[in-house]
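Undergrad: next come a sequence and a model predicted from it.
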There are 2 protein chains.
Amino acid sequence: MRATTIHAPFDMRVQDVPDAAVQHPTDAVVRVLRACICGSDLWAYRGESARKPGQRIGHEFLGLVEETGADVSGLRRGDLVVAPFMWSDGVCDYCREGLTTSCEHGGFWGSEGSDGGQGEAVRVPFADATLVRLPGDAASDDRLLSALLTLSDVLGTGHHAALGAGARPGATVAVVGDGAVGLCAVLAARRLGAERIIALGRHQGRTDIARRFGATDVVAERGEAAVEAVRELTRGQGAHAVVEAVGTEQSMRTALGVARDGGAIGFVGVPHGSGTGLDLGVMFDGNIALRGGVAPVRTYIPELLPDVLDGTIDPSPVFDRTVGLEEVPDGYRAMDERTALKVMVTP
Amino acid sequence: MRATTIHAPFDMRVQDVPDAAVQHPTDAVVRVLRACICGSDLWAYRGESARKPGQRIGHEFLGLVEETGADVSGLRRGDLVVAPFMWSDGVCDYCREGLTTSCEHGGFWGSEGSDGGQGEAVRVPFADATLVRLPGDAASDDRLLSALLTLSDVLGTGHHAALGAGARPGATVAVVGDGAVGLCAVLAARRLGAERIIALGRHQGRTDIARRFGATDVVAERGEAAVEAVRELTRGQGAHAVVEAVGTEQSMRTALGVARDGGAIGFVGVPHGSGTGLDLGVMFDGNIALRGGVAPVRTYIPELLPDVLDGTIDPSPVFDRTVGLEEVPDGYRAMDERTALKVMVTP
């Protein structure tokens, strides 16, 4: 089968690889209908996260169950399923608590020895626990399929950020980061009842989506100027809930700068850089909390799915470009150059 | 009147100062019955927090109302009252939300122009909002008076730490820091229903109090060895709720090291040092939150007071030495040398 591999920074290839196959009785093989490229894939693309030459990549996909291991009981061939961006066993302490990303037997698509989502098919460990079944007729609804694909990562991650930040009815939420996760955090914050949502971003295509997703204000400034702009919008106090969806020291500094005393930063940007961007003295004086991390999206899918299915939320506009599997390297290039917001892949 | 002043590192004096007096109609003057020395006072004592020569010091006290301004309606001469370690106006946005430490007109005892608690009397701004009345007959109960004095800071701060860490029924709590705040966090965690409380400390006098306060385990190791010991006690997972009650990079590192995935660090140690001791990558991967800061103890007093009055909790053992006002410099020396845990002052 064909799958995307990474060989060196900026060197993505689509190659012949061994067919995905059931290896353990709890595995399933999923034929990928839709996959996509994540902002966090760009860290590997740019060489800022180490990968071995030839490693698979891609951690967001949905598709049809093609084969199931002997111990898989809840799925059968032909089921339409979405995969969260990590697999999990569903039975360990952490999974039972909903923190599937800390699963004792969990793993990440594209890690060594595993398949990646940006390919024709994927072997899915602990398929019963990992995969979530979707209504089969969604497969024929192009827009809905795109919306459902966001359940694999960006929608759940945005939701995690909004929860971590403490988005709630009446709250003012600020979102640092205008990528797909930041935009989904806007959508999630509105869904959670936030009264005011301030999106930080200067790329009009993206801030237009932010407004469509529920942002009430857009701040185009950066750094200190952005902090001042948010404070002006909030009577000098800052936002109750701040989403940090970038992962750099600068973005964390901005997030802390716009946080209101007693508020929280929900951070979901994969941390990069040697420092934290945090000032513990400021957090201490203002009782500003930091909550977040890798989102246990598997746990959120059952909660978010009905709202996606009935159209209450429609995250599909985060995809602004679609490529075939052979064009995945072009998709990376476009996202790296920010000419695309998020690229969908249709193998 | 006599009051403690700080002139340089390690140079504490008890001097004649102008009598405390009502300056604003919302002021009251409180004659101090009991004050104490806080671990955080040691930062000033050691020169690690800047103070102007001659500045007052001390932020924990209880006493009798001696005089009230014209606008003070809820207090009268002779009332026994406890003061939280910051004053607050009771009406601003933050006060109404309970975050009295962020009060728009709040302040800290001993800041320039204000009286300190380690003196004969204190002018209390916004007296109606700041002070909390205590049953008058407590004044004749020495043990109870000591217990009530902890409401001014260490008990409420320990409670804040335990809340921030997420102490709750069934949880395993680890407490980093064996000072009075750490010990009060043990007491608070037990009060909040924690199932298991692991106190980190090697000073037997202190760990004995920790056990009396509800610690189920004591870890005497430090640094990496402490982390390993806590992990051994928790099936390798760490504690759901971790209290950081020191404020150094090393203590924060230890706190993070013993935190379980999905858990939280409740930090109340005043941060010192140029770094944070945090590793955002570890927090991200494990979804470990950081919550805390300067404790809004004014808000907690009404909740904690009944339990202190009826003996459900007795924090009084944190005081292991009592000095008169003129001996306050000896008290600092003893706490600095760790020959005293917490020194009470009886002016």
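TA: That came in fine, so what should we check first?
Undergrad: got the residues of the stretch 151-300 of chain A near chain B?
TA: Residues of the stretch 151-300 of chain A lying close to chain B (Cβ under 8 Å from any Cβ of the partner chain) are A:164, A:237, A:252, A:261-262, A:264, A:267, A:270-271, A:276, A:278, A:280-281, A:283-294, A:296. All C-beta atoms are positioned from the backbone trio N, CA, C, and that covers glycine.
Undergrad: among these, name the buried ones.
TA: A:164, A:237, A:252, A:261-262, A:264, A:267, A:270-271, A:276, A:278, A:280, A:283-294, A:296 (16 or more other Cβ atoms under 10 Å in any protein chain shown).
Undergrad: inside helices: which ones of these?
TA: A:164, A:252, A:280, A:283-286 (DSSP state H).
Undergrad: which of these lies closest to A:Pro347?
TA: A:Gly164 (33.2 Å; Cβ to Cβ).
Undergrad: for the closest one, what are its contacts?
TA: A:243, A:264-268, A:291-293, B:289 (Cβ atoms under 8 Å, 6 or more residues apart in numbering or on different chains).
Undergrad: can you mark which positions in stretch A:160-177 are buried?
TA: Counting neighbours by 16+ other Cβ under 10 Å, stretch A:160-177 gives A:160-168, A:171-177 as buried.
Undergrad: that should have said stretch A:232-239, apologies.
TA: So, applying 16+ other Cβ under 10 Å, buried residues of stretch A:232-239: A:233-234, A:237-239.
Undergrad: can you list the ones in helices among the buried ones among the residues of the stretch 151-300 of chain A next to chain B in CSV and add pLDDT?
TA: Listed next are those as CSV, based on pLDDT from 0 to 100:
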residue, pLDDT
A:Gly164, 98
A:Met252, 96
A:Leu280, 94
A:Met283, 97
A:Phe284, 97
A:Asp285, 97
A:Gly286, 98
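Undergrad: so what's the spatially most central residue of chain A up against?
TA: Nearest residue to the geometric centre of chain A (Cα atoms, centre = their mean): A:Val154, 2.6 Å. By Cβ under 8 Å, 6+ apart, the residues touching A:Val154 are A:38, A:60, A:180-181, A:184, A:315, A:318, A:342.
Undergrad: among the residues you listed, which two are most distant?
TA: Of all pairs in the contacts of A:Val154, the most separated under Cβ to Cβ is A:Cys38 and A:Pro315 at 13.7 Å.
Undergrad: quick one, domains of chain A?
TA: A:2-153+A:296-346, A:158-292 (automatic domain parsing).
Undergrad: about what we covered before: out of the buried residues of stretch A:160-177, which sit inside helices?
TA: A:160-165.
Undergrad: nearest to chain B among these?
TA: Within the set of those, A:Gly164 lies nearest chain B; the separation is 7.5 Å, counting by Cβ to the nearest Cβ.
Undergrad: surely A:Trp109 meets A:Gly116?
TA: Yes: with contacts counted by Cβ atoms under 8 Å, A:Trp109 reaches A:Gly116, the gap being 5.3 Å.
Undergrad: list the residues that contact both of the two?
TA: Common contacts of A:Trp109 and A:Gly116 (Cβ under 8 Å, 6+ apart): A:56, A:58-59, A:122.
Undergrad: now, which of those residues lie within strands?
TA: Taking DSSP state E, the ones among the shared contacts of A:Trp109 and A:Gly116 that sit in strands are A:56, A:122.
Undergrad: output the shared contacts of A:Trp109 and A:Gly116 as TSV; include the columns pLDDT and distance to B:Asp93.
TA: Compiled in TSV, the shared contacts of A:Trp109 and A:Gly116 are given as follows (pLDDT from 0 to 100; distance: Cβ to Cβ, whole Å):
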residue	pLDDT	distance to B:Asp93
A:Arg56	98	51
A:Gly58	98	46
A:His59	98	42
A:Val122	98	51
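Undergrad: what about the helices in chain A?
TA: Under the criterion DSSP H, chain A contains helices at A:41-45, A:93-97, A:127-130, A:142-149, A:154-165, A:180-191, A:204-213, A:223-233, A:249-257, A:280-286, A:297-309, A:328-336.
Undergrad: ok and the residue in the stretch 51-200 of chain A nearest chain B?
TA: A:Ser102 (3.8 Å).
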